[in-house]
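Q: Need a 3D model of the following:
(3 chains)
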Amino acid sequence: MGGRDTDIVLLDENGIRCDGRKVNETRKVTIKAGVLKNANGSAYIEFGDNKILVGVYGPRDVHPKHMSDTDTGILRCRYHMAPFSVGERKNPAPSRREVEISKVIKEALEPAVMLKEFPRTAVDVYMEVLQADGGTRCAALTGASVALADAGIPMRDLVAGCAAGKAADAVILDVNNEEDQAGQADLPIGYMPNLKKITLLQLDGILTPEEYKQCIEIGIDGCNQVYEIQKKALQDKFFANGEKQ
Amino acid sequence: MSDGLIIDQLKRNQILDLLKEGKRVDGREFDESRQLTIDLNVIPKAEGSARARLGDTEVVAGVKIQPERPFPDTGDKGMLICTAEILPIAHPSAETGPPTPDVVELARVTDRGIRESGMLDMKQLVLEKDKSVIGIFCDNAVTDHDGNLFDACSYASTAAINSCKIPKYEMQDDAPVKVEEQFTEPPVTTLPVSVTMAKIGEHIVVDPTIDEWSIMDARITITTNSDGNVVALQKGGHDGFTAEELIKCSEMSIKAGAKIREIIKQSK
Amino acid sequence: MSSERKRHVIPGEVITSGPYRAEQNTVQVGENIISTIVGLSDVHDGSVRVIPLTGGYVPKDDDLVIGKIISHSSLSWTADINSCYVGMLPASDVFGRDYSSSSDDMTAKLAKGDLIAARIVNFDKTRDPLITISGRELGKIDSGELVKISPNKVPRLIGKRGSMIQMIESSTNSQVTIGQNGLLVVSSDDPHGLLKAIQAIELIEEQAHVANLTDQVKEMLESKSE
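A: Sure thing, here's the model as predicted:
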């Protein structure tokens, strides 16, 4: 892929997108739970060309001590991109963008995790983007909730992530990098599929009220598809009853 | 890195008792590295990449290549910079925030090993003298930590740089312009490989695990090139080495390094 | 679904919507009782719980645990008990009532890295759990090898009325001290037996969910080769 070509066709006359998908189709998603030796829980997710490794540590002692809460455990999240994850080398130091994404992902996971049982402790979620291709926050969120479940952190539900958006005047599901660069809107969604609650929502771009409604609907649909893959990752790790081969 | 790690006394005694009998906890010989596996192109979007797994220590190295303005005194050479960071997913003791002295040392030793070896012929990486040169950045991310990050980063970097594809650039109006879909091979002259040894009591072992690391008295990292010459050294830890020990270490490094170099060559 | 059978569940999955009490690792949301952890759902006697397949150790009063001394103050040692909370071992537990911080050398008794078999005396989450090493089977551990397994698999390792661990101990001539926190110390005079016992424990850790585990372990223990 050549990068920022201006003449890229985002949607052809047959309604096919630049990477061959239909408007309501997600990219290929694969998740593997329990990939790191040292972490208490972990997951590796490929969401299209995004490649993200998530590690969870805790509940554990809080450092620095003043951050600890005597009534509940706390959740801490770090979203971080490797210098080689993007086209032009990224400075390894955390950017403002990464700080913000870490915060919205934390607030997307908090409604799901139940840390009251572990006062004075912290659960750390580290999301390392090894390769980025648009939609990393949704992919990181999706991987993070699998890693939390793998670690045995109590949760009311998993949180699945998928973006909706608008490109070439059409409402589309799961915005990729080209569509994000050249498209009209990107609306990432985090969703708890059983409790039917949206826990992450942002918008970059302009949508009519009707398009907004469509984006939410199609986005939830995408999250439900992603949820099935999260479920399978956990089932494969924990319930593959010796019938692997 | 492993500072602040407390190994249990039983494990410590077990390691020490076995060393006296000439054995190691995981059954390796003193001069034997753990099994190394290298996977190339794990980050297809980077110009070169490698995942090195040394026992249970894992590092992902990615190479990014872009034109740079050269430093005033080296306008006739390309740029090559290696970095390393320990991701907080790698170990409970790894921290976020500014790099600790251990991590700075890791990054600098990794960089020195590649650079001092003259792995790449930097003169071939000039687009226009004093104006524009090719910059090669090799960033190492430690994803799982079971000791001896120095060598894991060395192997990941060498493998990633050795297998990278350099995009073609042309100078137009004094500025470099990328020629799409055209690449050249990196001008590799030699394959540097580091071998780290831990001194535990009077014993010296190659490629210490995190347990051996936590009880060692001193360590030395020796980088050799394809000709078997020593190109970089780093001593660490709170004890010293005798001259005889250092001679022995260099021999161990050359021997163990040759095997590693073969694995890196084969991976391409 | 009114089945009494155990079912695999993950966080967020509805276990039942009947009139049941939501117990361990479940939460009631509206009419539904939802699992909060990866595990096996267990519905009986009007209550629902999930037996976890993952997760860390939470201290419980009277549990036997294995701990590693990580630091000490003038009044107590701190032990890593493989939990989100560290164990507090008061100096008086070792030196007795007339312990004096000026004349008694704490590190002479227990140093950093020493392993102990301890019991949880008191834990209520507002403070770190208090532990003791005075009592039968308790104290500093001087020999053997530390093995770590998932705390959730400890019941499987012990087996019904201790059958699994007894089988391992007798056929390998080894002794296993089992901490409820997933830390075990295996010791034996016979290095081969020690190795075999550890292999058996690792097998249980990997295969804890299969039905014929006892047979598998038995087969492994009876096999000649390593």
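
Q: How is chain C divided into domains?
A: Annotated domains of chain C cover C:7-52, C:64-141, C:145-222 [automatic domain parsing].

Q: Check the offset of the first one from the chain's centre.
A: Put plainly, it is domain C:7-52. Offset of domain C:7-52 from its chain centre (CA atoms, centre = their mean, to the nearest Å): 23 Å.

Q: Wasn't residue B:58 part of a strand?
A: Yes: under DSSP: H, G, I helix; E, B strand; the rest coil, residue B:58 sits within a strand.

Q: OK, contacts around the closest residue to residue C:21 other than its chain neighbours?
A: The shortest distance from residue C:21 to any non-neighbouring residue, by CB to CB, 6 or more residues apart in numbering or on different chains, is to residue C:47 (4.3 Å). Using the backbone N, CA and C atoms, a C-beta is placed for each residue, glycine as well. Residues in contact with residue C:47 (CB atoms under 8 Å, 6 or more residues apart in numbering or on different chains) are C:20-23.

Q: And for residue A:118?
A: Here residue A:118 is in contact with A:59, A:72-73, C:58, C:84, C:125 (CB under 8 Å, 6+ apart).

Q: cool, residue C:39 as well?
A: C:8-9, C:25, C:50-54.

Q: so which of those are also by chain A?
A: C:8, C:25, C:52-54 (CB under 8 Å from any CB of the partner chain).

Q: Out of those residues, which two sit at the greatest distance?
A: Largest separation among the ones next to chain A among the contacts of residue C:39 by CB to CB: C:8 and C:25, giving 13.3 Å.

Q: picking up where we left off before, turn the domains of chain C into JSON lines, including distance to residue B:245 and mean pLDDT.
A: Listed next are the domains of chain C as JSON lines, based on distance: least, CB to CB, whole Å; pLDDT from 0 to 100:
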{"stretch": "domain C:7-52", "distance to residue B:245": "51", "mean pLDDT": "93"}
{"stretch": "domain C:64-141", "distance to residue B:245": "27", "mean pLDDT": "92"}
{"stretch": "domain C:145-222", "distance to residue B:245": "30", "mean pLDDT": "92"}
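
Q: which of residue C:8 and residue C:25 has more neighbours?
A: residue C:25 (24 against 18; other CB atoms under 10 Å in any protein chain shown).

Q: If we ignore the residues flanking it in sequence, what's nearest that one?
A: Residue C:25's closest residue in space is residue C:50 (CB to CB, 6+ apart), at 3.9 Å.

Q: Wasn't that neighbour part of a strand?
A: Yes: the assignment for residue C:50 is a strand, going by three-state DSSP.

Q: From what I see, it and residue C:22 are in contact.
A: No: judged on CB atoms under 8 Å, residue C:50 makes no contact with residue C:22 at a distance of 10.0 Å.

Q: Look at these two and report which has more neighbours.
A: Relative neighbour count places residue C:50 above the other of residue C:50 and residue C:22, with 29 against 20, counting by other CB under 10 Å.

Q: contacting residues around the more buried one?
A: By CB under 8 Å, 6+ apart, residue C:50 lies in contact with C:9, C:15, C:24-26, C:35-37, C:39-42.

Q: For chain A, which residue gets nearest to chain C?
A: residue A:152 (2.5 Å; CB to the nearest CB).

Q: ok, for the most centrally placed residue in chain C, nearest residue in space, not its chain neighbours?
A: Nearest to the geometric centre of chain C sits residue C:180, at 2.2 Å (CA atoms, centre = their mean). Nearest residue to residue C:180, sequence neighbours excluded (CB to CB, 6+ apart): residue C:63, at 4.2 Å.

Q: how deep is that neighbour tucked in, by neighbour count?
A: 19.

Q: report the longest helix in chain C, please.
A: Criterion DSSP state H: the longest helix present in chain C is helix C:191-207.

Q: Output the contacting helices and strands for that one.
A: When contacts are defined as 3 or more CB pairs under 8 Å, 6 or more residues apart in numbering or on different chains; DSSP states H and E, helix C:191-207 packs onto strand C:145-148, helix C:154-158, helix C:163-172, strand C:183-187, helix C:213-222.

Q: Can you list the buried residues in the helix ranked longest in chain A?
A: The longest helix of chain A (DSSP H) is helix A:209-238. For helix A:209-238, burial by neighbour count (16 or more other CB atoms under 10 Å in any protein chain shown) applies to A:211-212, A:214-216, A:218-223, A:225-227, A:229-231, A:233-234, A:237-238.

Q: For residue A:171, list the residues it contacts.
A: Contacts of residue A:171 (CB under 8 Å, 6+ apart): A:23, A:164-165, A:211, A:214-215, A:218.

Q: Would you reformat those as CSV and include pLDDT?
A: Shown next, in CSV, are those (pLDDT from 0 to 100):
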residue, pLDDT
A:23, 95
A:164, 97
A:165, 96
A:211, 96
A:214, 97
A:215, 97
A:218, 97
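
Q: Let me have those residues in TSV, extended by distance to chain B.
A: Shown next, in TSV, are the contacts of residue A:171 (distance: CB to the nearest CB, whole Å):
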residue	distance to chain B
A:23	25
A:164	24
A:165	21
A:211	31
A:214	31
A:215	28
A:218	27
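
Q: give me the subset of those residues touching chain C.
A: Okay, of the contacts of residue A:171, nothing touches chain C (CB under 8 Å from any CB).

Q: And the residue in the stretch 51-200 of chain B that chain C sits nearest to, how close does it get to residue B:31?
A: Per CB to the nearest CB, residue B:92 is where the stretch 51-200 of chain B lies closest to chain C, at 10.8 Å. Residue B:92 is 31 Å from residue B:31, where distance means CB to CB, to the nearest Å.

Q: Then residue A:238?
A: Residue A:238 is 41 Å from residue B:31, by CB to CB.

Q: again, but for residue B:180
A: 48 Å.

Q: Check residue C:39 too.
A: For residue C:39 relative to residue B:31 (CB to CB), the value is 47 Å.

Q: Could you tell me the per-residue confidence at residue A:89?
A: As predicted, residue A:89 sits at a pLDDT of 94.

Q: Check for me that it belongs to a helix.
A: No: judged by three-state DSSP, residue A:89 forms no part of a helix; its state is coil.

Q: Kindly report the residues of the stretch 1-150 of chain B close to chain A.
A: So the stretch 1-150 of chain B meets chain A at B:42-46, B:49, B:56, B:60, B:62-64, B:66, B:83, B:85, B:87-92, B:96, B:137, B:139, B:141, B:143-146 (CB under 8 Å from any CB).

Q: Pull up the distance across stretch A:44-63, start to finish.
A: 27 Å (CA to CA, to the nearest Å).

Q: Tell me what the nearest residue to residue B:70 once chain neighbours are set aside is bridged to.
A: With CB to CB, 6+ apart as the criterion, residue B:70 has its nearest non-adjacent residue at 4.5 Å, and that residue is residue B:133. Note on residue B:133: beta-bridge partners residue B:68, residue B:126, judged by DSSP bridges.

Q: for the contacts of residue A:171, which one is nearest residue C:148?
A: Using CB to CB, residue A:164 is the member of the contacts of residue A:171 that lies nearest residue C:148, at 44.5 Å.

Q: Which of the helices or strands spans the closest one?
A: Secondary structure assigned from DSSP states H and E places residue A:164 in strand A:160-167.

Q: And for residue A:179?
A: Residue A:179 belongs to helix A:177-182, assigned by DSSP H and E.

Q: Smallest gap between chain B and chain A, at which residue?
A: Counting by CB to the nearest CB, chain B gets nearest chain A through residue B:62, at 2.5 Å.

Q: so who does that residue touch?
A: A:82-85, A:130, B:43, B:46, B:48-49, B:138-139, B:141, B:160.

Q: Could you show which parts of chain A are in contact with chain B?
A: A:2, A:36-39, A:42, A:49, A:51, A:53-55, A:57, A:60, A:78, A:80, A:82-89, A:92, A:124, A:126, A:128, A:130-131, A:133.

Q: now with 6 Å?
A: A:2, A:36-39, A:55, A:57, A:78, A:82-84, A:89, A:126, A:128, A:130-131 (CB under 6 Å from any CB of the partner chain).
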